[in-house]
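1. What shape does this take:
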Amino acid sequence: MRIHFIAIGGSVMHNLAISLAKQGHQITGSDDQIVEPSRSHLIEAGLLPDQLGWFADKVTEDIDAVILGAHAQADNPELKKAQELGLKIYSFPEFIQELSQDKIRVVIAGATENNDYEHDYARYALLRKRI
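-> Residues are numbered from 1 along each chain as shown. Below you'll find the model as predicted:
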C-alpha cells in the first residue's frame, strides 16, 4: 500500500509510519513540526520529510490511504487535496481498527508507575490463552 501521513511527526504517528514501512508499505508524510525523539526515529527509518510544512502536491491519486494526525487542521492543504481526489482518509484509531478487523484485539490500561506488573500479567494471560 502507498500511505501518506499528514502530521507524521507525532509520537504515535511516526511509530505507525515506521512499522508500516518495515512491513513493506510505501510511506510518505508531512508535518509542520517534528521534535525528538520522533525526528531521530524518522531519520533512522529514512522517512523524515525533506522540509517542514504542508504541501498539497505530496498528495496524489496513486495513494491508497491517508492517515490524518490529530493536530492537522480542517484547512490543511494536504487534507483538502486528499478530499478532492476522493482518497480514503483515516484517523489513527480508524486505521488501527481497519488493520485489526480480523484479529483478536486486547486493550491494556493501568497506572504508569507499575506498568511492568501490568505487562507481566498481560503476557501471562496471552501466553496461557495462546494468543
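2. How many residues are close by residue 9?
-> Look at residue 9: counted by other C-beta atoms under 10 Å, it has 24 neighbours. To be clear about C-beta, it is placed using only N, CA and C from the backbone, and glycine gets the same treatment.
3. just for this protein, where's the confidence low?
-> 108-118, 129-131 (pLDDT under 70).
4. Do a quick rundown of the strands in it.
-> Along the chain, the segments classed as strands by DSSP state E run 2-6, 26-30, 65-68, 89-91.
5. And these: which comes nearest residue 47?
-> The closest of the strands of the chain to residue 47 is strand 26-30. By C-beta to C-beta, the value is 5.7 Å.
6. could you pull out the helices for the protein?
-> With DSSP state H as the criterion, the chain has helices at 13-22, 38-45, 77-85, 92-99, 115-128.
7. before we move on, the earlier item: need the strands of the chain in JSON lines (columns: distance to residue 126).
-> Shown next, in JSON lines, are the strands of the chain (distance: least, C-beta to C-beta, whole Å):
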{"stretch": "strand 2-6", "distance to residue 126": "28"}
{"stretch": "strand 26-30", "distance to residue 126": "29"}
{"stretch": "strand 65-68", "distance to residue 126": "27"}
{"stretch": "strand 89-91", "distance to residue 126": "27"}
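8. Among these, which comes closest to residue 122?
-> Counting by C-beta to C-beta, and looking across all of the strands of the chain, nearest comes strand 89-91 at 25.3 Å.
9. okay, the strands of the chain in JSON lines with mean neighbour count and distance to residue 44 next?
-> Listed next are the strands of the chain as JSON lines, based on neighbours: other C-beta atoms under 10 Å; distance: least, C-beta to C-beta, whole Å:
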{"stretch": "strand 2-6", "mean neighbour count": "22", "distance to residue 44": "16"}
{"stretch": "strand 26-30", "mean neighbour count": "21", "distance to residue 44": "14"}
{"stretch": "strand 65-68", "mean neighbour count": "22", "distance to residue 44": "20"}
{"stretch": "strand 89-91", "mean neighbour count": "15", "distance to residue 44": "25"}
